[in-house]
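> Pasting the sequence and the predicted coordinates here, then a few questions.
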Amino acid sequence: MKTSAAEAQFGREARLQAPPGVRVENLTVRFGQKTAVADADLTVKSGQILAMVGPSGCGKSTLLASINGITDLVPGVVISGQRLVGNRPIDTMSSGILRRRVGMLFQKPNPFPMSIIENLEFPLREHGVRGRGQRREQARDALAQVGLWGEVKDRLKDPALTLSGGQQQRLCLARALVLEPDVLLLDEPCSALDPIASAKVEACIDSLRGGYTVVIVTHNLAQARRIADEMVVFWVEHDVGRIIEAGPTERLFTAPVHPTTRAYCKGLAG
C-alpha cells in the first residue's frame, strides 16, 4: 500500500526527534490451537539495541514480527496484549506509516530482482518520494551508512543479485534505512553469512546505536554480548514460549537470576 503525502510528512516529522522506544505488554500470540508466545513484556529504550536470545521455537521471531504487524497477516492468528512504538499502539497506525517507521531485516538476504539502485529507489517511490534527485541522495546516504557505497557506486545499474551474500544483506539493510525508520527489527541477520561478511553487518548494526531503536534476534550469544545494551531470554515452558529473564546484557551474562539463563549463557543448556 502506498503512503499518502500526509503519512509521509508524519514520518518525516517523527524522525526529527529522538527515535521512540518500543514496548510490548502482556503479548500472547496463538496460531490456531498453538500458543507461540505468552504473556510477554519487554521494553526497548530509545536508541538502544536489545537482543532476544533463546533456543529455536521459543517465540523470539514471532514476537519480533509482531512489532511491525507481520504476524497479524497470518491466517487464523489471534493476538492479545499491547504493542507500542513510542506511546502509540501499532494497530492505530496505517500500514504505510507502520512499515515506514518500523523496518525489518530477515535471516536470508532478499534483494528485489532489480538493479542495486532500484532496490532503494523503488520503496522511496512507493512511500511518496517523487523527486528523482531526492531519491538518489537518500539512496546514496543509505548505501554509505552500511559501508556499501564505495563498493557499488560504479555498478548501481547492475542486478542486485550479482552482489555477494554479505553485500546483499547490507543492501537489504540500506533498503530498510532509506525510508528513515525509527525502529529496526533484525531477525538473525548474520546467520546465513560467512564470518567476514557477518562482521561487516554486525559493525553496521552497532553503528546504528543512538540513531535508531533496534531489536535483534540472534542465536549468537557472543554477538549479543558485543552489541546489545539489553537482552531478553526466551524459553519454552509447558510447550509455550515465554520470556524468563530480561535486563542489561552484561548482568545477564555475569549475574543472571534465573537458573536457566545461567545455564544457557554458559552453554550448558539450549
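Thanks, I have it.

> Tell me where this structure is predicted with low confidence.
Low-confidence segments of the chain (pLDDT under 70): 1-16, 269-270.

> any idea which residue of it is furthest from its center?
residue 154 (29.1 Å; CA atoms, centre = their mean).

> From residue 36, how far out is that residue?
Distance, residue 154 to residue 36, by CB to CB, to the nearest Å: 46 Å. Where you see a C-beta, it was placed from the backbone N, CA and C, and this is true even at glycine.

> rewinding a little: relative to residue 116, how far out is the residue farthest from the centre of the chain?
Here the criterion is CB to CB. By it, residue 154 lies 11 Å from residue 116.

> Quickly list what the most centrally placed residue in the chain is bridged to.
By CA atoms, centre = their mean, the mean C-alpha position of the chain lies nearest to residue 185, the distance being 1.0 Å. With DSSP bridges as the criterion, residue 185 is bridged to residue 104, residue 215.

> Helix or strand for residue 30, just tell me which one.
Using DSSP states H and E, residue 30 falls within strand 22-31.

> just checking, next helix/strand downstream of that strand?
Following strand 22-31 in sequence order, the next helix or strand is strand 34-44 (DSSP H and E).

> Just checking: what are the partner strands of the helix or strand that that next one is followed by?
Going down the chain from strand 34-44, the next helix or strand is strand 49-53, by DSSP H and E. Here strand 49-53 has these sheet partners by DSSP bridges: strand 213-217 (parallel), strand 230-237 (parallel).

> Please put the alpha-carbon coordinates of strand 49-53 into PDB.
The C-alpha coordinates for strand 49-53 follow below in PDB (Å, rounded to 0.1, in the frame of the first residue of the first chain):
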ATOM      1  CA  ILE A  49      19.900  -2.200  20.900                       C
ATOM      2  CA  LEU A  50      18.000  -5.100  22.500                       C
ATOM      3  CA  ALA A  51      18.900  -8.700  21.700                       C
ATOM      4  CA  MET A  52      16.400 -11.500  22.000                       C
ATOM      5  CA  VAL A  53      18.100 -14.900  22.600                       C
END
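
> Now it: buried residues?
Residues 49, 50, 51, 52, 53 are the ones in strand 49-53 that count as buried (16 or more other CB atoms under 10 Å).

> Can you add distance to residue 230 and give the residues you listed back as JSON lines?
Compiled in JSON lines, the buried residues of strand 49-53 are given as follows (distance: CB to CB, whole Å):
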{"residue": "49", "distance to residue 230": "8"}
{"residue": "50", "distance to residue 230": "5"}
{"residue": "51", "distance to residue 230": "8"}
{"residue": "52", "distance to residue 230": "10"}
{"residue": "53", "distance to residue 230": "11"}
